[in-house]
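J.: Build me a model from this:
(chains A, B, C and D)
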Number of protein chains: 2
Amino acid sequence: MDSFEVPEVVVLRLPLYVRALSQLRDGGTDVVSSQQLGSLLQMTPAQIRKDLSYFGRFGKQGRGYNVRFLLRELREILGLDREWRACLIGVGRLGHAIINYPGFSPEGFKIVAAFDGDPKQVGTQIGGFTVRPMSDLAETVKEMKISIGIVAVPASEAQGVIENLIENNVKGILNYAPVAPQVPMNTVIRNIDPVLSLQSMTFYLR
Amino acid sequence: MDSFEVPEVVVLRLPLYVRALSQLRDGGTDVVSSQQLGSLLQMTPAQIRKDLSYFGRFGKQGRGYNVRFLLRELREILGLDREWRACLIGVGRLGHAIINYPGFSPEGFKIVAAFDGDPKQVGTQIGGFTVRPMSDLAETVKEMKISIGIVAVPASEAQGVIENLIENNVKGILNYAPVAPQVPMNTVIRNIDPVLSLQSMTFYLR
DNA sequence: TAATGTGAAAACCTTCACAGCT
DNA sequence: AGCTGTGAAGGTTTTCACATTA
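T.: Numbers count the residues shown, from 1 in each chain, chains lettered A, B, ... in the order given. From the prediction side, this is the model:
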């Protein structure tokens, strides 16, 4: 019933609820039960109710959850009721795709600067930004209040770049490099690696 | 000790071991202990030993694991000792990035065909392929022995495309669309959504 | 000595089932 | 009548700790 220590698995599921609720709202649904939400997300209603109960009592017995209300609450719990500023490190093919990905900014994640370690890339234009040298990282992070670093450099450079970000007080890392970076406990890292996803998939396809 | 029913969490970690072992091998390491592997991956040695014990006894007491041997065994367990053929659905910006991503084929995942539902895209060239119409899906999947579908279409079309793939006997889906698709139990789906990753990250950054 | 493999214990997470509210 | 919120039960996953083996 209170929010003392929330299991990490629960936090990982909240964005799923946010997305489903947004879709329900856009579709004109005002109220939803844990049952309906569960069939939408292929989860048990009990799990959804239990997850939500870590943060408060959002539903009405006999009725269900008000979609807009629950959505607003969950967005606030996750800290999505404000804009998050990110920088991109690495402007190769992958970096280009990331900076042009239209899915971030509607959700409040704004990429506001791009860096590259390669002097040949520095000064070039990408997605409306001029690529900066790594030596500008400290100053830019501070000036632009950047709190998230998106890492799209080759595997061999990822650990160094991530350490650089952390030294500059960037505590959230979205890592696209195919490595398992070592980070201190107060840093939050999320890895995106489609190859790992495929490699665990094939176990079941064999 | 035997491989009757392996927990899914364990299967999800095996690719991590494969990647770390590949890097160790490339760095010239012949033998590794669960301790060393653990510190590389930020996991406990006990977890690594327990995970491996579901599949066999790969180590030597007092010594550790032979890197090449364990790597070969794990790759076989995951079904990575053969080539997997995939098709891409959706050749927009994201589709382009996926088809040009150089990380798949060194790991044995080959994209062999590209499709799009938009008649304007059909017939155009992308990554060395001619974009095919969705009406060719059945035939192409059979002819080219495609077992994995990579979905990079807009959210609104993802569910339909995935159903289409499943009807054509594609049992592995790598989904980049920001939706939670409904799939039958014998289908293996993996979702790639950086926005969800960011949205759970911010909970800890607030 | 050094590190594996593994039962048993502990921690963690999910599901049940029902009291209680609308 | 219908659905939430939640203790308790049940299941799963991780960690411990040690016998065993090279």
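J.: Run through the neighbouring helices and strands of the lengthiest strand in chain A.
T.: Counting residues, the longest strand found in chain A (DSSP state E) is strand A:109-116. If you count contacts as 3 or more CB pairs under 8 Å, 6 or more residues apart in numbering or on different chains; DSSP states H and E, strand A:109-116 packs onto strand A:84-89, helix A:93-100, strand A:132-133, helix A:137-143. From N, CA and C alone the C-beta is placed, and that goes for glycine too.
J.: I'd like those as a markdown table, with distance to DNA strand D and mean pLDDT appended.
T.: Below are the helices and strands packed on strand A:109-116 laid out as a markdown table (distance: least, CB to the nearest atom of the strand, whole Å; pLDDT from 0 to 100):
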| stretch | distance to DNA strand D | mean pLDDT |
| --- | --- | --- |
| strand A:84-89 | 28 | 98 |
| helix A:93-100 | 29 | 97 |
| strand A:132-133 | 40 | 98 |
| helix A:137-143 | 33 | 98 |
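J.: Out of the ones you listed, which one sits most buried?
T.: Per residue and on average, the most neighbours among the helices and strands packed on strand A:109-116 fall to strand A:84-89, with a mean of 23 (mean count of other CB atoms under 10 Å in any protein chain shown).
J.: which neighbours does it have in its sheet, and in what orientation?
T.: Under the criterion DSSP bridges, strand A:84-89 sits next to strand A:109-116 (parallel), strand A:148-151 (parallel) in its sheet.
J.: Send me the longest one as PDB with only the CA atoms.
T.: What follows is strand A:109-116, C-alpha atoms only, in PDB (Å, rounded to 0.1, in the frame of the first residue of the first chain):
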ATOM      1  CA  PHE A 109      12.600  12.800 -24.300                       C
ATOM      2  CA  LYS A 110      14.500  15.500 -26.200                       C
ATOM      3  CA  ILE A 111      17.900  15.000 -27.700                       C
ATOM      4  CA  VAL A 112      19.600  18.400 -27.400                       C
ATOM      5  CA  ALA A 113      23.200  17.800 -28.500                       C
ATOM      6  CA  ALA A 114      25.300  15.300 -30.400                       C
ATOM      7  CA  PHE A 115      28.900  14.400 -29.900                       C
ATOM      8  CA  ASP A 116      31.500  12.300 -31.600                       C
END
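J.: Please spell out which residues along it are buried.
T.: A:109, A:111, A:113-116 (16 or more other CB atoms under 10 Å in any protein chain shown).
J.: Any idea what the closest residue to A:N191 other than its chain neighbours is bridged to?
T.: Spatial nearest neighbour of A:N191, excluding adjacent residues (CB to CB, 6 or more residues apart in numbering or on different chains): A:N175 at 4.9 Å. Per DSSP bridges, the residues bridged to A:N175 are A:V151, A:N191.
J.: What is the burial count for A:N175?
T.: Using other CB atoms under 10 Å in any protein chain shown as the criterion, A:N175 is surrounded by 25 other residues.
J.: What spatial separation is found between it and DNA strand C?
T.: Separation of A:N175 from DNA strand C (CB to the nearest atom of the strand, to the nearest Å): 22 Å.
J.: A:R13 too?
T.: Distance from A:R13 to DNA strand C, by CB to the nearest atom of the strand: 8 Å.
J.: mind checking the longest helix of chain A?
T.: Once chain A is assigned using DSSP state H, the helix that runs over the most residues is helix A:8-26.
J.: does that one come close to chain B?
T.: Yes: Helix A:8-26 reaches chain B (CB under 8 Å from any CB of the partner chain) through A:11-12, A:14-16, A:18-20.
J.: Following element in sequence after that helix, please.
T.: Using DSSP states H and E, the helix or strand that follows helix A:8-26 in sequence is strand A:31-32.
J.: So for the helix or strand just after that following strand, mean pLDDT?
T.: Toward the C-terminal end, the helix or strand that comes next after strand A:31-32 (DSSP H and E) is helix A:34-41. Confidence for helix A:34-41, expressed as mean pLDDT, is 98.
J.: remind me which residues of chain A are low pLDDT?
T.: By pLDDT under 70, the low-scoring segments of chain A are A:1-4.
J.: measure the residue lying farthest from the centre of chain A to chain B for me?
T.: Seen from the C-alpha centroid of chain A, the residue lying at the greatest distance (CA atoms, centre = their mean) is A:G62, 34.2 Å away. The gap separating A:G62 from chain B is 27 Å, by CB to the nearest CB, to the nearest Å.
J.: Could you confirm that residue falls within a helix?
T.: No: per DSSP: H, G, I helix; E, B strand; the rest coil, A:G62 lies outside any helix segment and is coil.
J.: returning to that earlier point: next SSE downstream of the longest strand of chain A?
T.: Counting by DSSP H and E, the next helix or strand C-terminal to strand A:109-116 is strand A:125-126.
J.: Flag every residue of chain A that's near DNA strand C.
T.: A:7-10, A:43-44, A:46-47, A:49-50, A:60-63 (CB under 7 Å from any atom of the strand).
J.: Just flag the most distant two among the residues you listed.
T.: With CB to CB as the measure, no two of those lie farther apart than A:E8 and A:G62, at 32.1 Å.
J.: if I look at the residue nearest to A:N191, how far off is B:G62?
T.: 36 Å (CB to CB, to the nearest Å).
J.: Domain boundaries for chain A, per the record?
T.: Structural domains assigned to chain A are A:8-77, A:84-197, following automatic domain parsing.
J.: With distance to B:F69 added, can I get the ones you listed in a markdown table?
T.: Rendered in a markdown table, the data for those read as follows (distance: least, CB to CB, whole Å):
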| stretch | distance to B:F69 |
| --- | --- |
| domain A:8-77 | 34 |
| domain A:84-197 | 21 |
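J.: Mind checking the ones you listed for the one nearest to B:E163?
T.: domain A:8-77 (14.8 Å).
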